[in-house]
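Engineer: Got a predicted structure here, sequence first:
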Amino acid sequence: MNSPTISPAPIRKTLLVKADVQRSFTAFTNRMGSWWPRSHSIAASPTVDVIIEPRAGGRWYERGEDGSESEWGKVLHWDPPARVILAWQLDGGWKYNPACVTEVEINFTAVDAMQTRVEFEHRHLERLGENAAAVRELLNSGWGGILELYGKLVAGAEDAAK
């Protein structure tokens, strides 16, 4: 028997970063504001930082120049330096909606002492409603570029440490 196909399908990305697992995890979770593109914002004020509070139940939000905070979601699972799962609570109109929960899971696996495989999945996109397929296409290309910026930051931080 075939299992049902979920539509739209989850977004999956894998990248190799030139850093150990701890540095890779920390750059993703504690330094998101350093690599997240300022153009990808829901705030009225220009974004100055993106924060993931380092614990299950913690908030995930952006802080604006004026000190305002715009919620994105929350931390569902916190297992440094191996894994983090975040609730993405932005709906299909890019507005914070606590009733709309998709999940972003990131796993960090050592390939060797100075290289980490980062496996990314954004799932439950069908919860975005009637325009879920269109939003998935935007998220798919958006996450590709965002993760590339993350990889460059990690590689640059590693190069700077030498």
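Structural biologist: Right, received. Where do you want to start?

Engineer: any idea whether the residue nearest the centre of the chain is helix, strand or coil?
Structural biologist: Residue closest to the mean C-alpha point of the chain, counted by Cα atoms, centre = their mean, is Val104 at 6.1 Å. Secondary structure state of Val104, per DSSP: H, G, I helix; E, B strand; the rest coil, is strand.

Engineer: now Leu139
Structural biologist: helix.

Engineer: For it, give me its contacts.
Structural biologist: Contact analysis of Leu139 by Cβ atoms under 8 Å, 6 or more residues apart in numbering lists 11, 122, 125. (C-beta placed from N, C-alpha, C; glycine too.)

Engineer: Please enumerate residues in contact with stretch 37-50?
Structural biologist: With Cβ under 8 Å, 6+ apart, stretch 37-50 has contacts from 32-33, 36, 60-66, 68, 70, 72, 90, 94-96, 142, 145-146, 149.

Engineer: List buried residues within the residues you listed.
Structural biologist: Burial by neighbour count, 16 or more other Cβ atoms under 10 Å: within the contacts of stretch 37-50 this picks out 32, 36, 60-64, 70, 72, 90, 142, 146.

Engineer: So which of the residues you listed are in helices?
Structural biologist: Secondary structure assignment by DSSP state H places 32, 142, 146 of these in helices.
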